[in-house]
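[1] Below are the sequence and a predicted model for it; my questions follow.
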Amino acid sequence: MTIEALYELMKQGFEQVNTRLDRIDTRLDDIDVRLRDVETDVAEIKGRRLAFKEWIPIGCAIIAVIVSVIALVK
């Protein structure tokens, strides 16, 4: 095997490796985008749950005010 043939063989091998690495990078970017979407959705769900938990005491306070106003009127 001559040096030129070895050079061509190595060049083809490196090109194949670069092609595979590019495909892997593309897949990792897609996975990153999908995980970011999942994180956003989870944060939104947590926020909704916390907002709902805050409405419970507010609702109880409103009901207590209404009951106390009714009791004062009678």
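    That came through, no problem.
[2] now the helices for this protein?
    3-73 (DSSP state H).
[3] Point to the residue nearest the middle of it.
    In the chain, the residue lying closest to the centroid (CA atoms, centre = their mean) is residue 39, at 2.2 Å.
[4] what's the distance between that one and residue 58?
    Residue 39 sits 29 Å away from residue 58, going by CB to CB, to the nearest Å. (Glycine included, C-beta is placed from N, CA and C.)
[5] likewise residue 2?
    83 Å.
[6] and if you look at residue 21?
    Distance, residue 21 to residue 58, by CB to CB: 55 Å.
[7] got it, and residue 52?
    11 Å.
[8] cool, residue 26 as well?
    48 Å.
[9] Also residue 14?
    65 Å.
[10] again with residue 20
    57 Å.
[11] Same question for residue 18.
    Distance, residue 18 to residue 58, by CB to CB: 60 Å.
[12] try residue 28
    45 Å.
[13] How about residue 41?
    Relative to residue 58, and taking CB to CB, residue 41 is found at 26 Å.
[14] for residue 22, same thing?
    54 Å.
[15] Give me the neighbour count for residue 22.
    10 (other CB atoms under 10 Å).
[16] Could you measure from it over to residue 30?
    Going from residue 22 to residue 30 by CB to CB gives 13 Å.
[17] cool, and residue 61?
    If you go by CB to CB, the gap between residue 61 and residue 30 works out to 48 Å.
[18] show me where pLDDT drops low in this protein?
    For the chain, no stretch is flagged by pLDDT under 70.
[19] can we see that at 90?
    1-2, 4-7, 45-60, 69-74 (pLDDT under 90).
[20] and residue 3, how many residues sit next to it?
    So residue 3, with other CB under 10 Å, has 7 neighbours.
[21] try residue 4
    Residue 4: 8 surrounding residues under other CB under 10 Å.
[22] next one: the one 3 residues further on
    If you count neighbours by other CB under 10 Å, residue 7 ends up with 10.
[23] mind checking how far it is from residue 20?
    Counting by CB to CB, the gap from residue 7 to residue 20 is 21 Å.
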